[in-house]
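Chemist: below is the structure, and that's it, no one-letter string:
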């Protein structure tokens with residue numbers, strides 16, 4: 001699992017992501033929790049986004065993650081929603097639900113208060129490339145108030161998508177396992193536990 005400290009105030013534009021998707025003839029769907037639709041808003045702010053952006057699911061409630069995106073109920077009960085595996089399942093779930101080649105997801109604690117032992121700014125992203133059975137998760141260490149944390153999360157998600165698309169462009173045909181996405185080490189350590197059922201953890 002990769003770790004990244006998002007840069008405040010320097011979001012990566014969505015246009016390069018959409019350009020890379022268009023060049024490959026691929027589409028994207030996103031599932032959002034703490035970002036509350038702002039990742040989808042950043043993508044659709046670019047003219048022509050409809051050619052590659054399939055849509056989004058704002059899965060703010062835990063039961064929406066479970067019932068609509070297919071996140072494992074036992075996983076949610078044991079670890080809560082702020083977890084890298086939850087992000088992975090959200091990404092693959094929205095990709096398959098909306099019929100896209102690529103999926104991306106965000107989940108975390110935006111504040112202002114910690115939630116069930118998870119500090120404010122704990123965020124997990126995931127990117128699910130075409131054909132991959134399992135998405136790749138990335139931890140983001142965000143800071144600031146709710147607005148800042150959400151903005152940093154969007155920027156980090158766009159950066160992760162851009163990096164994955166660039167890597168996919170030079171990946172040999174037919175390679176669709178987890179190693180097709182940069183930083184996929186298969187390391188499952190540091191997976192936090194906690195719930196995302198309160199106002200702080202969205």
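Modeler: Nice, thanks for sending it over. All figures in this text were calculated on a predicted structure; none of them were measured in a lab.
Chemist: all the strands of the chain, in order from the start?
Modeler: 2-4, 28-32, 53-58, 102-108, 122-128, 136-141 (DSSP state E).
Chemist: quick one: those as JSON lines, columns for mean pLDDT, distance to residue 21 and mean neighbour count too.
Modeler: (Glycine included, C-beta is placed from N, CA and C.) Converted to JSON lines, the strands of the chain look like this (pLDDT from 0 to 100; distance: least, C-beta to C-beta, whole Å; neighbours: other C-beta atoms under 10 Å):
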{"stretch": "strand 2-4", "mean pLDDT": "54", "distance to residue 21": "21", "mean neighbour count": "15"}
{"stretch": "strand 28-32", "mean pLDDT": "98", "distance to residue 21": "6", "mean neighbour count": "29"}
{"stretch": "strand 53-58", "mean pLDDT": "98", "distance to residue 21": "8", "mean neighbour count": "20"}
{"stretch": "strand 102-108", "mean pLDDT": "98", "distance to residue 21": "7", "mean neighbour count": "30"}
{"stretch": "strand 122-128", "mean pLDDT": "97", "distance to residue 21": "12", "mean neighbour count": "29"}
{"stretch": "strand 136-141", "mean pLDDT": "96", "distance to residue 21": "17", "mean neighbour count": "23"}
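Chemist: okay if I get those strands as JSON lines plus distance to residue 165?
Modeler: What follows is those, written out as JSON lines (distance: least, C-beta to C-beta, whole Å):
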{"stretch": "strand 2-4", "distance to residue 165": "16"}
{"stretch": "strand 28-32", "distance to residue 165": "9"}
{"stretch": "strand 53-58", "distance to residue 165": "14"}
{"stretch": "strand 102-108", "distance to residue 165": "8"}
{"stretch": "strand 122-128", "distance to residue 165": "9"}
{"stretch": "strand 136-141", "distance to residue 165": "13"}
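Chemist: where are the low-confidence patches of the chain?
Modeler: Applying pLDDT under 70 to the chain picks out residues 1-12, 116-117, 171-202.
Chemist: 80 - rerun?
Modeler: Scanning the chain for pLDDT under 80 picks out 1-13, 115-117, 170-202.
Chemist: for it, which helix is longest?
Modeler: Across the chain, the longest stretch assigned as helix under DSSP state H is helix 146-169.
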